[in-house]
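J.: Starting from these lines, generate the structure:
(2 chains)
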Amino acid sequence: MVRVLLNAPKQVPKGQPFNVKLLISHPMESGQRRDAMGMAIPRHIINQIVCKLDEEEVFRMNLFPAIAANPFLVFSATAEQSGTLTITFTDDNGVEQTETTPVEVV
Amino acid sequence: MKRRLLLAGSAALLAIRPAQATPVQVAALIRDLVGGAPLTQGNMKLDLPVMVENGNTVSVTVSVDAQPGAVHSLHLFAEGNPLPEVMHFSFGPRAGLPRVQTRIRLATSQTVIAIAQMRDGTFRQDSVDLLVTLAACID
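T.: Here you go, the predicted structure:
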């Protein structure tokens, strides 16, 4: 489990785009670096993020080692009805983690 | 000779990893992505600083001048990084404005290219030439 900040407005107007901010605490080890002994440090990054509002997809993102440590993302979504915004991300070890935040349409 | 080997095929590419990607590799990736579809400059914006002090975290914003839902996906490539792909981002039915902000690593002064794939099958492109003072990926 890693620390995640998922920040969406508590209330959003129906059908209007709103911004969501996501910050994941993760080293995003690029696989390009070597340790003090000269051994390559294995790659360990978050390679996919999927965001859904209830069952409908907001975005799907493939990440590469060129994404900076502690991936930060600002994206836009729209809601027609109140629901739950879900972020699911997968790292190189196959570990999956999910974060949710409620979105209320006014 | 080494360069010819690298260009020879993806197997060779995996075996001997180059210190940097090359514009040729990026052009090949873009060609794979776009295929024969029309690719135009403009009507989208890749927002990056021209002078980057710290290549370890560079804030980047990609936005497309289009209606929500008109953009299929965004793709970002860095010609001077060891691995040229930066991100692939596809919009779903609940996406809002076609705009994404994130933070990337840049290994050296280089050209960064953003491609937007539209739902109508066309592609748009924008690029930024930038200078990096402190490089990422060194240690």
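
J.: Next, give phi and psi for residue B:33.
T.: Backbone torsions for residue B:33, taken as degrees, to the nearest 10, come to phi -70, psi -50.

J.: The longest strand along chain B: how far from the chain's middle?
T.: Ordering each strand of chain B by length in residues (DSSP state E) puts strand B:123-134 first. Its chain's C-alpha centre and that of strand B:123-134 lie 8 Å apart, by Cα atoms, centre = their mean, to the nearest Å.

J.: Neighbouring strands of it in the sheet, and parallel or not?
T.: Next to strand B:123-134 in the sheet, as set by DSSP bridges, lie strand B:39-41 (parallel), strand B:51-54 (parallel), strand B:110-118 (antiparallel).

J.: Out of those, flag the one nearest residue B:63.
T.: Nearest to residue B:63, of all those, is strand B:110-118, at 9.1 Å by Cβ to Cβ. The way it works is simple: take the backbone N, C-alpha and C, and place the C-beta from them, glycine included.

J.: Run through who's touching the closest one.
T.: B:23, B:26, B:30, B:33-34, B:39, B:44, B:46, B:48, B:60, B:62, B:64, B:66, B:70-81, B:86, B:98, B:106, B:123-130, B:132 (Cβ atoms under 8 Å, 6 or more residues apart in numbering or on different chains).

J.: now these: which count as buried?
T.: For these, a burial check counting by 16 or more other Cβ atoms under 10 Å in any protein chain shown picks out B:26, B:30, B:33-34, B:39, B:44, B:46, B:48, B:60, B:62, B:64, B:66, B:71-81, B:86, B:98, B:106, B:123-128, B:130, B:132.

J.: now, which of those residues lie within helices?
T.: Per DSSP state H, helices hold the following members of those: B:26, B:30, B:33, B:34.

J.: Let's have those residues in CSV, adding pLDDT.
T.: Below are those laid out as CSV (pLDDT from 0 to 100):
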residue, pLDDT
B:26, 93
B:30, 94
B:33, 94
B:34, 93
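
J.: Compute the distance between residue B:99 and residue A:78, please.
T.: Residue B:99 is 13 Å from residue A:78, where distance means Cβ to Cβ, to the nearest Å.

J.: Any idea how many residues pack against residue A:93?
T.: Around residue A:93 there are 8 other residues, counting by other Cβ atoms under 10 Å in any protein chain shown.

J.: That one: what's it in contact with?
T.: Contacts of residue A:93 (Cβ under 8 Å, 6+ apart): residue A:44.

J.: would it count as being in a helix?
T.: No. Residue A:93 is assigned coil when assessed by DSSP: H, G, I helix; E, B strand; the rest coil, not a helix.

J.: Look at residue A:80 and say how many residues are nearby.
T.: Neighbours of residue A:80 under the rule other Cβ under 10 Å: 12.

J.: Sorry, slip of the keys, the one I care about is residue A:39.
T.: Count around residue A:39 with other Cβ under 10 Å applied: 8.

J.: Dihedrals phi and psi, it?
T.: phi -80, psi 140.

J.: Also residue A:45?
T.: For residue A:45, the backbone dihedrals (degrees, to the nearest 10) come out as phi -130, psi 160.

J.: how near is it to residue B:68?
T.: From residue A:45 over to residue B:68 the distance is 29 Å, taken as Cβ to Cβ.

J.: of these two, who's got more company?
T.: Using other Cβ under 10 Å as the criterion, residue A:45 and residue B:68 rank with residue A:45 on top: 20 against 17.

J.: for the more buried one, what are its contacts?
T.: A:26, A:28, A:29, A:30, A:31, A:63, A:64, A:65, A:67, A:91, A:92.

J.: Phi and psi next, for the closest residue to it other than its chain neighbours.
T.: Using Cβ to Cβ, 6 or more residues apart in numbering or on different chains and skipping the chain neighbours, the partner closest in space to residue A:45 is residue A:28 (4.7 Å). Main-chain dihedrals, residue A:28, degrees, to the nearest 10: phi 50, psi 50.
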